[in-house]
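Student: With the sequence up front, the predicted model follows.
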Amino acid sequence: MTEPTHATMESHPDILEMRERHTWAERAASTPAAQAVEAISLITGLYLAASAWIVGFNGMMTLAVSNLIVGVAYAVLMGGFGHAYERTHGMAWAAALLGVWTIIAPWVVSGAVATKRTIISNVIVGAVALVLALAASALAQKAAPGSRGSRGTTARAGR
């Protein structure tokens, strides 16, 4: 009868690549710029979620619900970058799409919601959300291992 073998983490064939990725992620997420982008993004998402009540267009339910859902999604998406940076920085493009949606939403959602206050609020917060998402993506690309401003190769790329 054979005894089961229990492999340890140190014997994992990709341990060096995994350590390099973890080090890169920690370094990228701990920079002041990345932390500032994450904090401002979280505030932007929360503002977007509550904007219908802050600006006063909560009677326009289609846009209010759209902003609520998109704002919460944006805050969760961008707020998660600090906790799992190496896996979530690529989702910054999804956050950028949420910013674009926020800009065009007053004209796209059903109902007569394209008023001066909804347009101004959504265009400004959408532009801020878009810029922050692009900044998060740029910071991730800049900090990528083996690169100088663009996504580089990892230890396994040569295999």
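Tutor: Perfect, thanks for sending it.

Student: residues near Ile50, how many?
Tutor: Careful, residue 50 is Ala and not Ile. 16 (other Cβ atoms under 10 Å). For the C-beta atoms, the positions are set from N, CA and C on the backbone; glycine is no exception.

Student: Let me know whether it touches Ala75 as I believe.
Tutor: No - Ala50 is beyond contact range of Ala75, at 10.6 Å (criterion: Cβ atoms under 8 Å).

Student: Who are the packing partners of the longest helix seen in the chain?
Tutor: Using DSSP state H to define each element, the chain has its longest helix at helix 116-143. Using 3 or more Cβ pairs under 8 Å, 6 or more residues apart in numbering; DSSP states H and E, the elements in contact with helix 116-143 are helix 15-29, helix 32-51, helix 61-79, helix 92-108.

Student: Quick check: buried residues in that helix?
Tutor: Under the neighbour-count criterion of 16 or more other Cβ atoms under 10 Å, helix 116-143 has 118, 121-122, 125-126, 128-137, 139-143 buried.

Student: need the contact list for the nearest residue to Ala94 once chain neighbours are set aside.
Tutor: Ranked by Cβ to Cβ, 6 or more residues apart in numbering and with sequence neighbours excluded, the top spatial neighbour of Ala94 is Leu77, at 6.3 Å. Contact analysis of Leu77 by Cβ atoms under 8 Å, 6 or more residues apart in numbering lists Gly45, Thr88, Met91, Ala94, Ala95, Leu98.
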